[in-house]
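A.B. asks: Give me the fold of what follows.
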Amino acid sequence: MLRRMSLACAVAALFAAGSAAAQSASQDWSGPYAGFHLGGAYGGFTNNVPAQPGPTEDAGTFLGGVQLGYNWQQGNTVYGAEIDYSLMELRGSSAGGSFEENGMGSLRFRAGQILGETLFYGSLGVAWTQKKTSLTGIGSSTDFEPGLMVGGGAERWLGDNLSGRIEAYYVDVPKSQQSVGGVATSGGSQNGVFRAGLNLHF
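C.D. replies: Residues are numbered from 1 along each chain as shown. Take a look at the predicted model:
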C-alpha cells in the first residue's frame, strides 16, 4: 500500500507535466543550485532477530537535510542530477532488539516540463540509508544499505534566484543480513518520504 501511494504521487506529477501546454519560462532553470528541505518519513519495517519477533511495526519521523544539484534546459524540458542528505529517526523495537534508520543520502536524476514558472518533474536514483540494528543485551551494528528511490514533485520560482518545491518519494531499503555480536539478523523497510524545500540558484 505504501509503495502504491508513493508511486501514485510520482505518476501524478509526471502526468501533469506531460499534459502541460508548451509555454516559455520567464526564468532559466539551467545551472547549479543548493538548498535545504524539511518534511517527514513513514517506514514499514520487515525485520527479524533470533528467537524473538523482530521489529515489524510501522513508524514515522520528521526529517531535514540539504541538497545540491545542476539543471540543463532545452526549451520547456529540464533535466539534471541531484545529491542530498537527510537526518531522521525511524525506529521499530521489540523485546529482542531494535531497528533504526538515522540518515539517508541519495543520488538521483530528474527530468520534467515547465508550465509558466513551475517545473513538474519525476526523479529516479539510489538512496543509501543508514541502518542500525541492536540486540538486547548483545550490542549493535550499523551500515549503509543502497536501494531504489523514485518519485516526483513540483518546483516554482519565488524570486530572481530562489525557488520552492514540494515532492514525494518511495525509498526501498532492501532486507539484508547483519551480524550483531556474532548473531545473524536481517532487516529492511519500505519508506514514504514527503518534503518541502528551498533552492538558491547560481
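A.B. asks: Go ahead and name everything in contact with stretch 177-184.
C.D. replies: Residues from elsewhere that reach stretch 177-184 (C-beta atoms under 8 Å, 6 or more residues apart in numbering): 49-50, 97, 131, 133-135, 138-141, 143, 185-187. Glycine gets a C-beta too; all of them are placed from N, C-alpha and C.
A.B. asks: Please state the offset of that stretch from the chain centre?
C.D. replies: Centre-to-centre, stretch 177-184 and its host chain are 27 Å apart (C-alpha atoms, centre = their mean, to the nearest Å).
A.B. asks: Can you give me the buried ones in it?
C.D. replies: Judged by neighbour count using 16 or more other C-beta atoms under 10 Å, the buried positions of stretch 177-184 are 178, 180, 183.
A.B. asks: Ok, stretch 135-154 next?
C.D. replies: Neighbour-count burial for stretch 135-154, counted by 16+ other C-beta under 10 Å, picks out 135, 141, 145-147, 149-154.
A.B. asks: Among those, which are located in helices?
C.D. replies: Using DSSP state H, no member of the buried residues of stretch 135-154 falls within helices.
A.B. asks: Quick check: what element follows the helix or strand of the chain with the lowest mean pLDDT along the chain?
C.D. replies: Lowest on mean pLDDT, DSSP states H and E among the helices and strands of the chain sits helix 2-19, with a mean of 43. Counting by DSSP states H and E, the next helix or strand C-terminal to helix 2-19 is strand 31-45.
A.B. asks: helices and strands around that next one, which ones?
C.D. replies: Here strand 31-45 touches strand 58-74, strand 77-94, strand 97-115, strand 162-180, strand 183-201, going by 3 or more C-beta pairs under 8 Å, 6 or more residues apart in numbering; DSSP states H and E.
A.B. asks: Can you name every helix or strand that the shortest one contacts?
C.D. replies: Put plainly, it is strand 58-74. Against strand 58-74 (3+ C-beta pairs under 8 Å, 6+ apart) you get strand 31-45, strand 77-94, strand 183-201.
A.B. asks: at 6 Å instead, please
C.D. replies: Under the contact definition 3 or more C-beta pairs under 6 Å, 6 or more residues apart in numbering; DSSP states H and E, strand 58-74 sits against strand 31-45, strand 77-94.
A.B. asks: How about the third one?
C.D. replies: Packed against strand 97-115 by the contact rule (3+ C-beta pairs under 6 Å, 6+ apart) you find strand 77-94, strand 118-135.
A.B. asks: List the buried residues of the first one.
C.D. replies: Yep, that's strand 77-94 we're talking about. Residues 78, 80, 82, 84, 86, 88, 90-94 are the ones in strand 77-94 that count as buried (16+ other C-beta under 10 Å).
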